[in-house]
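Novice: can you look at this prediction? I've put the sequence above it.
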Amino acid sequence: MLKQIFKIALAYVGVIIGAGLSSGQDLMQYFVSFGKWGILGTVFLGILSVIFGKIIITLGSYFRSNDHFEVLSQISKPITNKILDISLIVSCFVIGFVMIAGAGSNLNQQFGLPSWLGALICAVLVIVVSFLDFERITNVLGIFTPLVFIMIMVMAVFTFASRRFDFEELEAVANTIATPMPNIWFSVLNYFSLCVMTGVSMAFVLGGSIIRISVAEKGGTLGGLIISIIITITTCTLYANVKLATTADIPMLAIAKQIHPVFSLVYALIIFGLIFNTAFSLFYALAKRFSSNQSKRFYPILIGTVVLGYALSFMGFKKLVSVMYPILGYIGFMMLIILAIGWLKEKSNVRDEKSIRRKMIRLITKKYNDDQEYTKVDKAKFQKLGEDSIVDTQSIKSDINDLVKEQFEGNDK
């Protein structure tokens, strides 16, 4: 169970942390531009990340969702749901091609490759990986997250261990950075709303793959905590290196180059991996939404949207971040409100559903445990609990049976 919690947490972080955050570009515009107040803002952002990380993943698990529409249709009114659905579709696509543009900028800055080629490599990878099964995809989503966390920590130690800072000078330079936000508090809300719009579609799908609601709750909470730590540490590092950071499309890569060429090479590859994580998650969730689980429709839709996104990525990464991110953040305000209200309304139902699934797991465990007897009474109880579940009776029974069977087969190996 602990392994699954970490896997979901890392996958969730991989969905949220994309080109802007791992590159530092969005943090420069949203937080570093406000100087010391920007660093304080990241602390409040971290609190929101933990709270809503739990809410989003848990709601996905509770409704066993395959796409965001399945959750939103349950927690919001039809008109509001339609607006949010359209907004998420637009957000998935827009941020998706911003990610592809970020891939081009990243490989251009590190290797001197033409931006169009780096973007093309990312786009092709998104299409190729979509043909893997979801279990493998979840593993792919989380693979780069611990690596970027370690490397950001290395850059933070390198920055703060042996240097002294003129904070007046840093503050003066930071205040010259252009920002699309009027103040830090508005920036915190807008940026977090943007994060939600970026990750909620795939996060619902991730949550939907989890039967144990307690695992979803812990995985979402842990994922939100990791995000908050990464954002705060990265912002502090960018602020301390603000004179250098203002000169590059990928500020964190510019800082990495000050440590060692090999270090910057590895970091560039990790940034590319995180960019891919977010791009893949968004285009995958978008294709899921339109295909309605029909595989014949899924791949043509995914390939078509990725190709169109690649074409639009030629607008340029830095410009896309400054223009498109604030707009999507404004749209995300409504999403935060709906999620909060939906969670409050469903909280007791989620608790009841968690109890139902726990009891079902305990009952079916008897079927595979040689030391216990699975009786007719147990079978009747299992059936009744399945009928009480919010999920389709046959689906929840089958999924829980498969979960327990897989656990016992794994223990036998």
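Specialist: All right, it came through fine.

Novice: can you list the low-confidence ranges for the protein?
Specialist: 17-22, 133-142, 292-293, 317-318, 410-413 (pLDDT under 70).

Novice: the strands in it, which residues?
Specialist: Shown for the chain, no strands are assigned by DSSP state E.

Novice: quick one, longest helix in it?
Specialist: For the chain, the longest helix by residue count, based on DSSP state H, is helix 317-368.

Novice: in the stretch 151-300 of the chain, which spans are helices?
Specialist: For the stretch 151-300 of the chain, applying DSSP state H, counting those that start in this stretch gives helices covering 167-174, 184-208, 213-240, 242-245, 251-259, 261-291, 295-312.

Novice: Serialize the ones you listed to CSV and add fields for distance to Phe34 and mean neighbour count.
Specialist: In this view, the C-beta of every residue, glycine as well, is placed from N, C-alpha and C. Putting the helices of the stretch 151-300 of the chain into CSV (distance: least, C-beta to C-beta, whole Å; neighbours: other C-beta atoms under 10 Å) gives the following:
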stretch, distance to Phe34, mean neighbour count
helix 167-174, 7, 15
helix 184-208, 4, 26
helix 213-240, 10, 23
helix 242-245, 12, 19
helix 251-259, 16, 21
helix 261-291, 24, 23
helix 295-312, 30, 16
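
Novice: may I see those helices organised as a markdown table, with distance to Ile100 added?
Specialist: Shown next, in a markdown table, are those (distance: least, C-beta to C-beta, whole Å):
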| stretch | distance to Ile100 |
| --- | --- |
| helix 167-174 | 29 |
| helix 184-208 | 14 |
| helix 213-240 | 22 |
| helix 242-245 | 23 |
| helix 251-259 | 17 |
| helix 261-291 | 6 |
| helix 295-312 | 6 |
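
Novice: for Ile83, which of those helices is the nearest?
Specialist: Among the helices of the stretch 151-300 of the chain, helix 184-208 comes nearest to Ile83, with 12.8 Å by C-beta to C-beta.

Novice: now the angle from the closest one to helix 213-240?
Specialist: 140 degrees (axes from the mean of the first three to the mean of the last three C-alpha atoms, to 10 degrees).

Novice: just checking, what packs against helix 184-208?
Specialist: Secondary-structure packing of helix 184-208 (3 or more C-beta pairs under 8 Å, 6 or more residues apart in numbering; DSSP states H and E): helix 2-16, helix 25-30, helix 36-63, helix 68-75, helix 78-111, helix 213-240, helix 261-291, helix 317-368.

Novice: now the longest helix of the chain: how far from the chain's centre is it?
Specialist: Distance, stretch centre to chain centre, for helix 317-368: 12 Å (C-alpha atoms, centre = their mean, to the nearest Å).

Novice: same deal with stretch 271-290?
Specialist: With C-alpha atoms, centre = their mean as the basis, stretch 271-290 stands 10 Å off its chain's centre.

Novice: and for stretch 258-268?
Specialist: Computed by C-alpha atoms, centre = their mean, the separation of stretch 258-268 from the middle of its chain amounts to 25 Å.

Novice: contacts for it?
Specialist: 106-107, 109-111, 148, 151, 154-155, 158, 241, 244, 252-253, 256-257 (C-beta atoms under 8 Å, 6 or more residues apart in numbering).

Novice: ok, now with 10 Å
Specialist: By C-beta atoms under 10 Å, 6 or more residues apart in numbering, the surrounding residues in contact with stretch 258-268 are 22-23, 106-107, 109-111, 147-148, 151-152, 154-155, 157-159, 241, 244, 250, 252-257.

Novice: and stretch 396-409, by the same measure?
Specialist: For stretch 396-409, contacts defined as C-beta under 10 Å, 6+ apart pick out 1, 64, 209-212, 353, 356-358, 360-370, 382-383, 385-392.

Novice: of these, select the buried ones using a ChimeraX command.
Specialist: Buried residues among those (16 or more other C-beta atoms under 10 Å), as a ChimeraX selection:
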select :64,209,210,211,212,353,356,357,360,361,363,364,365,366,367,368,382,385,386,389,391
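
Novice: residues near the closest residue to Pro114 other than its chain neighbours, how many?
Specialist: Of all residues not flanking Pro114 in the chain, Asn108 sits nearest, at 6.8 Å (C-beta to C-beta, 6 or more residues apart in numbering). The tally of other residues near Asn108 (other C-beta atoms under 10 Å) stands at 19.

Novice: could you do Ser73 as well?
Specialist: Around Ser73 there are 16 residues (other C-beta under 10 Å).

Novice: ok, the residue nearest to it when sequence neighbours are not counted to Ile341 distance?
Specialist: Counting by C-beta to C-beta, 6+ apart, Ser73 lies nearest to Asn81, which is 5.4 Å off, once chain neighbours are set aside. According to C-beta to C-beta, to the nearest Å, Asn81 stands 12 Å off from Ile341.

Novice: neighbour count winner among these two?
Specialist: Legend: neighbour count by other C-beta under 10 Å for Asn81 and Ile341, higher for Asn81 (18 against 13).

Novice: the more buried one touches Met335, doesn't it?
Specialist: No - distance between Asn81 and Met335: 11.2 Å, which falls outside the contact criterion (C-beta atoms under 10 Å).

Novice: what touches both of those two?
Specialist: What both Asn81 and Met335 touch, as defined by C-beta under 10 Å, 6+ apart, is the set 68, 72.

Novice: measure the nearest residue to Pro180 once chain neighbours are set aside to Asn183 for me?
Specialist: Nearest residue to Pro180 in three dimensions, chain neighbours excluded: Pro326, at 4.3 Å (C-beta to C-beta, 6+ apart). Pro326 sits 13 Å away from Asn183, going by C-beta to C-beta.

Novice: do Ser73 as well
Specialist: Ser73 sits 35 Å away from Asn183, taking C-beta to C-beta as the criterion.

Novice: ok, Met1 - contacts?
Specialist: The neighbours of Met1, taking C-beta under 10 Å, 6+ apart as the test, are 212, 214-215, 218, 407.

Novice: re the thing from before, more crowded one of Pro326 and Asn183?
Specialist: Neighbours were counted for Pro326 and for Asn183 using other C-beta under 10 Å; Pro326 has more, 21 against 11.

Novice: and the more buried one, what does it touch?
Specialist: Pro326 makes contact with 29-30, 179-181, 186-187, 190-191, 193-194, according to C-beta under 10 Å, 6+ apart.
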